[in-house]
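>>> structure, please.
(one chain, ligands or ions: 2)
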Amino acid sequence: MTATIRSTLALPVRLADGFETQGLVVAFDGLADGREHVAVVLGEPGDVPLVRVHSECLTGDVLGSQRCDCGPQLHEAVRRISHCGGYVLYLRQEGRGIGLYNKLDAYTLQDAGLDTYEANLALGFAPDQRDYGVAAQMLLALGVDTIALLTNNPDKVAQLERAGVRVESRVPTGVHRSSANHRYLDAKAWNGHLLDGEGA
Ligand SMILES: Nc1nc2c(ncn2[C@@H]2O[C@H](COP(=O)(O)OP(=O)(O)OP(=O)(O)O)[C@@H](O)[C@H]2O)c(=O)[nH]1
Ligand SMILES: [Zn+2]
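Numbering: from 1, shown residues only. Ligands and ions are numbered 1, 2, ... in the order given. The predicted model follows:
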């Protein structure tokens, strides 16, 4: 399935720490799951742009929750990518694809002792429900078929490669550990995330 660019909008991007840059927000037609995913073009992308495939996290990205490290990772991505040129793909895949309300239910189960993946299973979901095929569609619509990917998640690399995007390199993203998110980060490491760059 081929996606096409529906519209573009120039938008200044401002982070809470005062960092400012210019972004171009791109909307698409024809995305496989029918959701409103957007790409944000930052800096001047070269032949092998740096790309962050970021899954929506209202609690972390917007409300500053420290149960996860999504907010700091998003800000890191904006800052790094604006310097070297590339794309933030903001995917509407809240709660690893289970949605916001279910993620809130999962948090309640975690407060009773389950880890993040066990809580998904207890709610009747797969441990991680995300399909990154839409990210590949977006990149190909932007004319990008080779990337450097800012992630610690090997599944993102594998799925993008299967969907026709060449991941020339995986660039580790920061691990923003705090007293509130260490169980979440430990569970990610047990489930295949490469947190080897932590503390580097
Ligand atoms: N179901 C569920 N989703 C969560 C939980 N904590 C964070 N998330 C969601 O997880 C997504 C981020 O995925 P992560 O597994 O933390 O990291 P990743 O994006 O796969 O990996 P990186 O690219 O290395 O950051 C966001 O959509 C969050 O809303 C949780 O406890 N349960
Ligand atoms: Zn989060």
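>>> which positions in this structure make contact with ligand 1?
Counting by CB under 6 Å from any ligand atom, the positions of the chain adjacent to ligand 1 are 55-57, 68, 70, 73, 93-96, 98, 103, 106, 116, 120, 151-153, 156, 173, 184, 188, 193. Backbone N, C-alpha and C define where each C-beta goes, glycine included.
>>> can we see that at 5 Å?
Counting by CB under 5 Å from any ligand atom, the residues of the chain lying close to ligand 1 are 55, 57, 68, 95-96, 103, 106, 116, 151-153.
>>> which two from these end up farthest apart in space?
Spanning the widest gap among those are Ala106 and Thr151, at 21.8 Å by CB to CB.
>>> surely Gly46 and His83 touch.
No. Between Gly46 and His83 there is no contact under CB atoms under 8 Å: 12.0 Å.
>>> for Val41, see how far away Val13 is.
Here the criterion is CB to CB, to the nearest Å. By it, Val13 lies 11 Å from Val41.
>>> the two: which has the busier surroundings?
Applying other CB atoms under 10 Å to Val13 and Val41 shows that Val41 carries more neighbours, namely 21 against 17.
>>> which residues are contacting the biggest helix by length in the chain?
Secondary structure of the chain per DSSP state H: the longest helix is helix 70-84. With contact meaning CB atoms under 8 Å, 6 or more residues apart in numbering, helix 70-84 is reached by 13, 15-17, 19, 21, 23, 40, 42-43, 46, 49-52, 54-55, 57, 60-62, 64-65, 87-88, 150, 173-174, 176.
>>> could I have the CA atoms of that helix written out in PDB?
Written as PDB, here are the backbone C-alpha positions of helix 70-84 (Å, rounded to 0.1, in the frame of the first residue of the first chain):
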ATOM      1  CA  CYS A  70       9.300   8.900  26.400                       C
ATOM      2  CA  GLY A  71       9.400  12.700  27.100                       C
ATOM      3  CA  PRO A  72      13.100  13.000  27.400                       C
ATOM      4  CA  GLN A  73      13.600  10.700  24.400                       C
ATOM      5  CA  LEU A  74      11.400  12.900  22.300                       C
ATOM      6  CA  HIS A  75      13.200  16.000  23.300                       C
ATOM      7  CA  GLU A  76      16.500  14.400  22.700                       C
ATOM      8  CA  ALA A  77      15.400  13.300  19.200                       C
ATOM      9  CA  VAL A  78      14.200  16.800  18.300                       C
ATOM     10  CA  ARG A  79      17.500  18.300  19.400                       C
ATOM     11  CA  ARG A  80      19.700  15.800  17.700                       C
ATOM     12  CA  ILE A  81      17.800  15.500  14.500                       C
ATOM     13  CA  SER A  82      17.500  19.200  14.000                       C
ATOM     14  CA  HIS A  83      21.300  19.400  14.100                       C
ATOM     15  CA  CYS A  84      22.000  16.700  11.500                       C
END
